[in-house]
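# Just to be clear, the model below is a prediction. Sequence and coordinates:
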Amino acid sequence: MNISVLILTYDEAINLPDCLRSVAFSDDVVVLDSRSTDQTVEIVESAGATVLQRPFDNYAAQRNFGLSHDFKYDWILMLDADERIPADFVDELRSVTEQVGNPVTLYRMRRKDMFMGRWLKRSSGYPTWFGRLFRKGAVRVEREIIPWPVELVDCSDKVRRRDKIRAELKIPHEAKVLIYFGRLHTMKKPLETIQAVASGGDENLHLLIVGNEQDVSLRDCYELACQLGVGDRVHLVGPVYGERKYDYLLAADAYISLSHRENFNHTAAESLSAGLPLILSPGNDLQGDIAAEKCSWGLCDDERGTASDAVEQFCSVPSDQLAQMGTRGRDWVGRNLQFPTFAERIQSAASKYGKIK
């Protein structure tokens, strides 16, 4: 079939084989990898596909770099590694790309979100349309991020809620507490977060790990924490939801995300709304938005020493100054992430792209 395929990856050894099998109809499969640390590249090479590598900065720049490749065919199909092309859809791809005189430049597709083999028909916004099949040289991706609105967390009872969680976890009242809040996935770097805490050198520092297991387990976190001698200071909470989530945010002194990439990071914004300063990797797009607010430590690179230095700096800041940083962050959320601002941005984007009347 005369279709080239572009797939973006970072540590996708688990997902990639099925994705590659689903596009076996193409003899021009190109994988743009963000310098994976697992077997992603080996899997691509063993499948006979082409590997390109580029450090990730944002999705638009990454996709545009991939699209600049000299593809074999005039039609390009763009996928993520956790997406699959069903066998019955291949015939439709063939019919539109082999159509003589076809004037279309781009086709949009509906995506079905699956869980344990079942289609989540009513919980994923279906049908949402994505532009994924287009002519070579005709498409460029623009970076347009509209963050979802964030409600300000009610902090009126912060001291009681903070003390309650700390008592449950046997964390001393005077301890400094960081919170990791998100999926336990290699891309989010929970294990690297534990390493940063361990090398921060402050025995009064504790870390909350809150989130559901994916390709990193709570046992993985526990074993690493014990190995590094901080097993008693890393608290493995698991997933929490609803108001209980805010209890854990209020129990912390700052939020940390060393994630490889985050389009916005809604949980970080929620942490700001709870009055927490942030430690953010360069993969967090939010880092640039709040840089002028003096409410965060924005890391300049993904090196372990850089994260450890930021953790050490956090530990050295008095509690009253951390509270001032948190207030500045919370004020920023109030100015920028409330629903009226969100609605204005949606209307502006609709007008700019002419998609919504």
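That came through, no problem.
# Count the residues that sit near the nearest residue to Gly329 once chain neighbours are set aside.
Distances taken as Cβ to Cβ, 6 or more residues apart in numbering put Cys295 closest to Gly329, at 3.4 Å, once the chain neighbours are dropped. No exception for glycine: its C-beta is placed from N, CA and C like everyone else's. Number of residues near Cys295 (other Cβ atoms under 10 Å) recorded here: 24.
# What residues does Cys295 make contact with?
The neighbours of Cys295, taking Cβ atoms under 8 Å, 6 or more residues apart in numbering as the test, are Leu272, Pro277, Leu278, Met325, Gly326, Arg328, Gly329, Trp332.
# Which one (most neighbours) among those residues?
Neighbour count (other Cβ under 10 Å) singles out Leu272 as the most crowded of the contacts of Cys295, with 32 neighbours.
# I'd say it and Trp332 touch.
Yes. Between Leu272 and Trp332 there is a contact under Cβ atoms under 8 Å: 6.6 Å.
# residues bridging contact with these two, i.e. touching both?
Ile290, Cys295.
# re the thing from before, closest one to Ala225 out of the contacts of Cys295, please.
Distance to Ala225 across the contacts of Cys295 (Cβ to Cβ) is lowest for Leu278, with 22.1 Å.
# so what does the top helix by length along the chain touch, helix or strand wise?
Ordering each helix of the chain by length in residues (DSSP state H) puts helix 319-336 first. Secondary-structure packing of helix 319-336 (3 or more Cβ pairs under 8 Å, 6 or more residues apart in numbering; DSSP states H and E): helix 266-273, helix 286-290.
# Give me the buried positions along the last one.
Of the residues in helix 286-290, those scored as buried under the neighbour-count criterion (16 or more other Cβ atoms under 10 Å) are Leu286, Gln287, Asp289, Ile290.
# Same question for stretch 223-238.
Going by neighbour count (16+ other Cβ under 10 Å), the buried part of stretch 223-238 is Leu224, Ala225, Val230, Gly231, Arg233, Val234, His235, Leu236, Val237.
# Quickly find the element holding the first one.
With elements taken from DSSP states H and E, the one containing Leu224 is helix 218-227.
# Show the subsequent helix or strand relative to that helix.
Using DSSP H and E, the helix or strand that follows helix 218-227 in sequence is strand 234-238.
# Kindly calculate the angle that that next one makes with helix 218-227.
Counting by axes from the mean of the first three to the mean of the last three Cα atoms, to 10 degrees, strand 234-238 lies at 170 degrees to helix 218-227.
# in its sheet, what does strand 234-238 sit against?
Next to strand 234-238 in the sheet, as set by DSSP bridges, lie strand 205-210 (parallel).
# State the mean pLDDT of the strand it pairs with.
Averaging pLDDT along strand 205-210 yields 98.
# what ranges of the stretch 101-250 of the chain fall below the confidence cut-off?
123-124 (pLDDT under 70).
# show me where it has helices.
Ranges of helices within the stretch 101-250 of the chain are 158-169, 190-199, 218-227, 243-251, based on DSSP state H, counting those that start in this stretch.
# Please state the offset of the third one from the chain centre?
Relative to its chain's centre, helix 218-227 lies at 22 Å (Cα atoms, centre = their mean, to the nearest Å).
# re earlier: could the C-alpha coordinates of the helix holding Leu224 be exported in PDB?
The C-alpha trace of helix 218-227 is given here as PDB (Å, rounded to 0.1, in the frame of the first residue of the first chain):
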ATOM      1  CA  LEU A 218       4.400   0.300  44.000                       C
ATOM      2  CA  ARG A 219       6.700  -2.600  44.800                       C
ATOM      3  CA  ASP A 220       9.200  -1.200  42.400                       C
ATOM      4  CA  CYS A 221       9.100   2.100  44.300                       C
ATOM      5  CA  TYR A 222       9.300   0.400  47.600                       C
ATOM      6  CA  GLU A 223      12.300  -1.800  46.700                       C
ATOM      7  CA  LEU A 224      14.200   1.200  45.300                       C
ATOM      8  CA  ALA A 225      13.400   3.400  48.300                       C
ATOM      9  CA  CYS A 226      14.700   0.600  50.600                       C
ATOM     10  CA  GLN A 227      17.800   0.100  48.500                       C
END
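# Run through who's touching it.
Counting by Cβ under 8 Å, 6+ apart, residues outside helix 218-227 touching it are Leu184, Pro190, Leu191, Ile194, Gln195, Ala198, Ile209, Gly231, Arg233, Val234, Leu236, Gly238.
# Export those as CSV, with columns for distance to Ser316.
Putting the contacts of helix 218-227 into CSV (distance: Cβ to Cβ, whole Å) gives the following:
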residue, distance to Ser316
Leu184, 29
Pro190, 24
Leu191, 24
Ile194, 20
Gln195, 19
Ala198, 17
Ile209, 23
Gly231, 24
Arg233, 17
Val234, 20
Leu236, 26
Gly238, 30
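# what's the closest of the residues you listed to Val317?
Nearest member of these to Val317, counting by Cβ to Cβ, is Arg233, at 18.4 Å.
# Determine the number of other residues adjacent to the nearest residue to Leu205 once chain neighbours are set aside.
Counting by Cβ to Cβ, 6+ apart, Leu205 lies nearest to Lys176, which is 5.1 Å off, once chain neighbours are set aside. By the criterion of other Cβ under 10 Å, Lys176 has 22 neighbours.
# Next: Val23.
Val23 has 23 neighbours, counted by other Cβ under 10 Å.
# next one: Glu270
21.
# Ok, the one 10 residues further on next?
Applying other Cβ under 10 Å, we find 25 residues neighbouring Leu280.
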